[in-house]
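Enquirer: kindly return the folded structure for what I paste below:
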Amino acid sequence: MKKITLILFILFSTYTSFSQDTEAPTTPVNFQFIDNPIVQPDDISVEWEHSTDNVGVETYEIYINGTLSRIVAYDGTGAIQYASFVNYPNGSYCLTILARDAAGNASPISGQVCKTVNVIYQNGPAELYLSGFVNYSGSEKAIEVSNMTFSAIDLSDYSIKISYDGNATWDVVYTFPANSMISPLESFIIAHPSFSICTDVITNLGINVDYNANLTNIDGNDAIGLFKYDILYDMIGELGNNATHTNTDQFIKRGAYLAAIPNTLFNINTWDMEVSNGSCPGLFGFPNMVLLSTEDVELNSFQIYPNPTNGDIVTIDTKNNVEITAVKVFDLTGKQVLQQTNVSNEINVQSLQQGMYILQLETENQTITKKLIKQ
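Expert: Predicted structure coming up:
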């Protein structure tokens, strides 16, 4: 009896201490930018000294230009904590931070620190973004989201909401499967349960796909919103507007305006269109709308190393002794930045700046696509 009473007392005391915790943490101090030699010049890295709290700090929230951009778990292994934000387009960015404890109490927000990104070479969008929408007849419907950053993206912070036929509110909330991630330069597909036109492409390219009933009734006049921390930041269509943005038997793909996305103001002029011929769209499943066609299948028989590389030479391992006739390298806007003909088994990448690229290996019969990172 005493043991049970003691356990109940401990549980009650623990519950009471959290339920009565109304004291907020202190504001993080010395919040400032740092130079990080590992990341790109269009990345933003910050550091700060830990907040204190009567019970304990749980997370930090970092805001960029007033919008919540990152929730960082408290890491007490050192007195200073860090965070990096990648692939920011040219412009000015002001960051602030606050601390939050387990009871939800938030510290006062810090003063802002501001930085201007101004580089010649730009990588892709800094966030997960809506990259494509398949609006074919019947059940052939799919939404494509893509990651063009250098890091894998944890999808637990994201959701998609759909509004049907011009409704002024969101009708459906889609959450990604548990523990889902998107690797760098990869896509994730949310498809109608009977979506079938791209089965071979999904299998050959290893594309992550979730066949989900939320897309059963979707059409070309529905609004599609991508949310992070339940904040809308990318959009197809317009909430409350039932005008058709994507006709039946069309596939729209984010165009070359990569620096302008994500964007909550939908503009069809920044998208490309492909009219259905009854088969899978040629650009389906690729983050970048440029370069690739249905013939571009990445084969495991080709390996390139080192990758990432910080040297001048990349080696191609052709396990099946297939002759490579040409090599082309493109940046993430689709611009060709390097070409080599009469290739043996080496590529000279000395002229490339730091960044992520798409490498095309051409053989007599096909084009093989690989990712290449220059550090």
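Enquirer: tell me who's in contact with Gln375.
Expert: Residues in contact with Gln375, defined by C-beta atoms under 8 Å, 6 or more residues apart in numbering, are Ile38, Pro308, Thr309, Asn310, Gln354. (Each C-beta comes from the backbone N, C-alpha and C, glycine too.)
Enquirer: swap the cut-off to 6 Å and go again
Expert: Pro308, Asn310 (C-beta atoms under 6 Å, 6 or more residues apart in numbering).
Enquirer: Val57 and Arg100 touch, don't they?
Expert: No - using C-beta atoms under 6 Å, Val57 and Arg100 do not qualify as a contacting pair, with a distance of 7.4 Å.
Enquirer: higher neighbour count, these two?
Expert: Val57 (23 against 20; other C-beta atoms under 10 Å).
Enquirer: and that one, how far from Leu215?
Expert: 40 Å (C-beta to C-beta, to the nearest Å).
Enquirer: can you find the helix or strand of the chain with the lowest average pLDDT?
Expert: Sorting the helices and strands of the chain by mean pLDDT, DSSP states H and E puts helix 2-19 at the bottom, at a mean of 49.
Enquirer: contacts for stretch 128-135?
Expert: Residues outside stretch 128-135 that contact it (C-beta under 6 Å, 6+ apart) are 141-147, 153, 158, 220, 226, 234, 236, 246, 250-254, 261-262, 287.
Enquirer: just the CA trace of that stretch, in CSV.
Expert: C-alpha atoms of stretch 128-135 as CSV (Å, rounded to 0.1, in the frame of the first residue of the first chain):
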residue,chain,number,x,y,z
LEU,A,128,10.3,21.6,-49.5
TYR,A,129,8.1,22.9,-52.3
LEU,A,130,5.2,21.9,-54.6
SER,A,131,6.9,20.9,-57.8
GLY,A,132,4.2,19.2,-59.9
PHE,A,133,0.5,18.3,-60.2
VAL,A,134,-0.9,15.6,-62.4
ASN,A,135,-4.5,16.2,-63.4
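Enquirer: mean confidence score for that stretch?
Expert: For stretch 128-135, the mean pLDDT works out to 94.
Enquirer: begin at 5 from now on, thanks
Expert: Noted, 5 is the first residue going forward, which turns the last one into stretch 132-139.
Enquirer: figure out how far it is from the centre of its chain.
Expert: The chain centre lies 12 Å from the centre of stretch 132-139; the measure is C-alpha atoms, centre = their mean, to the nearest Å.
Enquirer: before we move on, what about stretch 173-193?
Expert: 10 Å.
Enquirer: next, the contact list for Lys165, please.
Expert: Here Lys165 is in contact with Trp174, Val177, Gly229 (C-beta under 6 Å, 6+ apart).
Enquirer: swap in 10 Å and give it another go.
Expert: Lys165 makes contact with 173-178, 218, 227-231, 234, 236, 243, according to C-beta atoms under 10 Å, 6 or more residues apart in numbering.
Enquirer: likewise for Val341?
Expert: Contacts of Val341 (C-beta under 10 Å, 6+ apart): Tyr125, Lys332, Val333, Phe334, Asp335, Val353, Ser355, Leu356, Gln357, Gly359, Tyr361, Ile362.
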